[in-house]
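Engineer: Test case, fold it:
(one chain, ligands or ions: 1)
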Amino acid sequence: MGRVALVTGGSRGIGEAISKKLKADGFEVAATYAGNDEKAAAFTNETGIKTYKWNVADYDASKEGIAKVEADLGPIDVVVANAGITRDAPFHKMSPEQWKEVIDTNLTGVFNTVHPVWPGMRERKFGRVIVISSVNGQKGQFAQVNYAATKAGDIGIVRSLAQEGARAGITANVVAPGYIATEMVMAVPEKVRESIISQIPAGRLGEPEEIARCVAFLASDDAQFINGSTISANGAQFFS
Ligand code: CAA
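Structural biologist: Coordinates of the predicted model:
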């Protein structure tokens, strides 16, 4: 049996590509989703990867869901905190609800996903924590005060976890995608999206599989000494 990997938001977008790649690399994969039952069922049909439905913003639901995954597949060795949402608005129009929703899902969601698996990783002296951040957490973004705060926060979480986990054989790293061809980016108004693409030296959006390959490397046994790092995959849009 291969190692067990949990991918939150793992049935769509970048998460879908990560789930598929980890499965192809021999992991037993569990993918979570929040709401889209139809897409999750189609994903399981296509890939054979089991999906689990819970809201990462809810600690108790995460803990319970993770216990179920571990009962089904065994102890989780690799956790990919990928689930995330946008609620974009210029700051003067951003509501406290838009702020809170994004913080709860994207930032507290990382705590809720990693915290329940951390004690087991410490006991077993092996673990991989991979958090999906964003170029917009590195550089900031018009209309994304909420989202950029969470994605910058990912880097602080990982750098702290790396120090706590290193002697227990656990690594924690960030992958910071640039603009990737997913529904999230396609939801940006076309004119704005075109202007963003024009600022990417590669001249194109990234593909979800390009992010999945970074995650797969960090998840591998070969990456043991890479700890607390941020891998940027953004077509040279931004250097940090
Ligand atoms: N930079 C500078 N100005 C921008 C801008 C930008 N990136 N985006 C919008 N604007 C400007 C518009 O041109 C417009 O200016 P004018 O009024 O002079 O024409 C103004 O902002 C829009 O103001 P509004 O008050 O009308 O804005 P709105 O309330 O309708 O909100 C918006 C529009 C939500 C900002 C919309 O333009 C938008 O979604 N922008 C894209 C934001 C973005 O890039 N999000 C990233 C999503 S992808 C992602 O998050 C994945 C990832 O990790 C990379």
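
Engineer: Against which helices or strands is the helix or strand harbouring G15 packed?
Structural biologist: For G15, the element it lies in under DSSP states H and E is helix 13-24. Judged by 3 or more C-beta pairs under 8 Å, 6 or more residues apart in numbering; DSSP states H and E, helix 13-24 is in contact with strand 4-7, strand 28-33, helix 37-47, strand 78-81, helix 208-219. Where you see a C-beta, it was placed from the backbone N, CA and C, and this is true even at glycine.

Engineer: does G235 really touch I180, like I thought?
Structural biologist: No. G235 is beyond contact range of I180, at 9.7 Å (criterion: C-beta atoms under 8 Å).

Engineer: before we move on, back to that, give me whichever of the helices and strands packed on helix 13-24 is most buried.
Structural biologist: Mean neighbour count (mean count of other C-beta atoms under 10 Å) peaks for strand 4-7 among the helices and strands packed on helix 13-24, with a mean of 29.

Engineer: Pull the distance from that strand to the chain's centre.
Structural biologist: 11 Å (C-alpha atoms, centre = their mean, to the nearest Å).

Engineer: repeat for stretch 145-156
Structural biologist: 13 Å.

Engineer: Next secondary structure after the lengthiest strand in the chain?
Structural biologist: The residue-count maximum for a strand in the chain (DSSP state E) belongs to strand 170-177. Helices and strands here follow DSSP H and E; after strand 170-177, the next one along the chain is helix 183-186.

Engineer: got a list of contacts for stretch 217-226?
Structural biologist: Here stretch 217-226 makes contact (C-beta atoms under 8 Å, 6 or more residues apart in numbering) with 3, 5, 22, 25, 27, 78, 80, 128, 130, 169, 171, 173, 175, 231.

Engineer: Quick one: mean pLDDT for it?
Structural biologist: In this model, stretch 217-226 has a mean pLDDT of 97.

Engineer: And stretch 10-23, by the same measure?
Structural biologist: Stretch 10-23 comes out at a mean pLDDT of 97.
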